[in-house]
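Here is a sequence together with a model predicted from it:
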Amino acid sequence: MTGIVYVREIYERFVGGELDRSVADLAHDPFFVPGSRSLTELLQEFQARRIHMGIVADEFGGTDGLVTLEDILEELVGEIHDETDLDEEEIQRISEDVLECDAGVDLRDLDEELDIALPQGEHRSLNGFLLEELGHVPEAGEYLVTSVARIDILQSSDTQVLRARVTRRRATATEPDE
């Protein structure tokens, strides 16, 4: 990774008629942070540098992800709703054992709503869990069965699951195979 480009700056150049500039001309040096850095240290670092985004580096020098100032604040004080958040509820209860949800929903929230425990891994969202478990981006109509739930894909794009139905599985003595 050589730099970060802000869409706002590209738009400003475009509107200003600067169509011949390369993306590299607009790139800012990335700020790399180790995944082990505490949230309070990271918040102080963001404030000192007057930045709102960092690249999380793993122990091997690879990239683990992207962390934003909003991510840090939400972890410290709770969910912050802003103009980029969708109005649609993340989780809609259909019945006692069935939810429909945005696939970006946090797995902890989903587990709490259905009183289940989906396997935790490197992922935090239902989308991340599905991509890891299935090994590909599933299409609408595909499903995944775990020991605690059946997850039906309701909507997806080329790169991610967008909506899913999660049905809690209740253990029975003679449960048929799926």
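That came in fine, so what should we check first?

tell me what the longest helix that the chain contains is packed against?
In the chain, assigned by DSSP state H, the helix with the most residues is helix 39-49. If you count contacts as 3 or more CB pairs under 8 Å, 6 or more residues apart in numbering; DSSP states H and E, helix 39-49 packs onto strand 53-57, helix 69-77. For glycine as for every other residue, the C-beta is placed from the backbone atoms N, C-alpha and C.

Quick one: mean pLDDT for the longest one?
Averaged across helix 69-77, the pLDDT comes to 86.

Which parts of the chain are helices?
If DSSP H is used as the criterion, the helices of the chain fall at 7-15, 23-26, 39-49, 69-77, 107-114, 126-134.

so which of those is the most packed in?
Highest mean neighbour count among these (mean count of other CB atoms under 10 Å): helix 126-134, with a mean of 19.

quick check: angle from that helix to helix 107-114?
For the pair helix 126-134 and helix 107-114, the angle between their directions (axes from the mean of the first three to the mean of the last three CA atoms, to 10 degrees) equals 100 degrees.

Glu122: neighbouring residues, count only.
Per other CB atoms under 10 Å, the neighbour tally for Glu122 reads 9.

And for Glu142?
Counted with other CB under 10 Å, residues neighbouring Glu142 total 16.

so who does it touch?
In this structure, Glu142 makes contact with 134, 152-153, judged by CB atoms under 8 Å, 6 or more residues apart in numbering.

Could you export stretch 149-168 as CSV, CA atoms only?
Provided in CSV are the C-alpha atoms of stretch 149-168 (Å, rounded to 0.1, in the frame of the first residue of the first chain):
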residue,chain,number,x,y,z
ALA,A,149,-28.6,-21.9,13.0
ARG,A,150,-29.5,-22.1,9.4
ILE,A,151,-28.6,-18.9,7.5
ASP,A,152,-30.4,-18.3,4.2
ILE,A,153,-28.9,-15.7,1.8
LEU,A,154,-31.6,-13.3,0.8
GLN,A,155,-29.6,-10.7,-1.2
SER,A,156,-25.9,-10.4,-2.2
SER,A,157,-23.7,-8.4,-4.5
ASP,A,158,-20.6,-9.4,-6.4
THR,A,159,-18.5,-8.8,-3.3
GLN,A,160,-20.6,-9.4,-0.3
VAL,A,161,-23.8,-10.7,1.3
LEU,A,162,-26.3,-7.9,1.9
ARG,A,163,-29.2,-9.5,3.7
ALA,A,164,-29.9,-12.9,5.3
ARG,A,165,-32.5,-14.8,7.3
VAL,A,166,-31.1,-16.6,10.4
THR,A,167,-33.2,-19.4,11.9
ARG,A,168,-32.2,-20.8,15.3
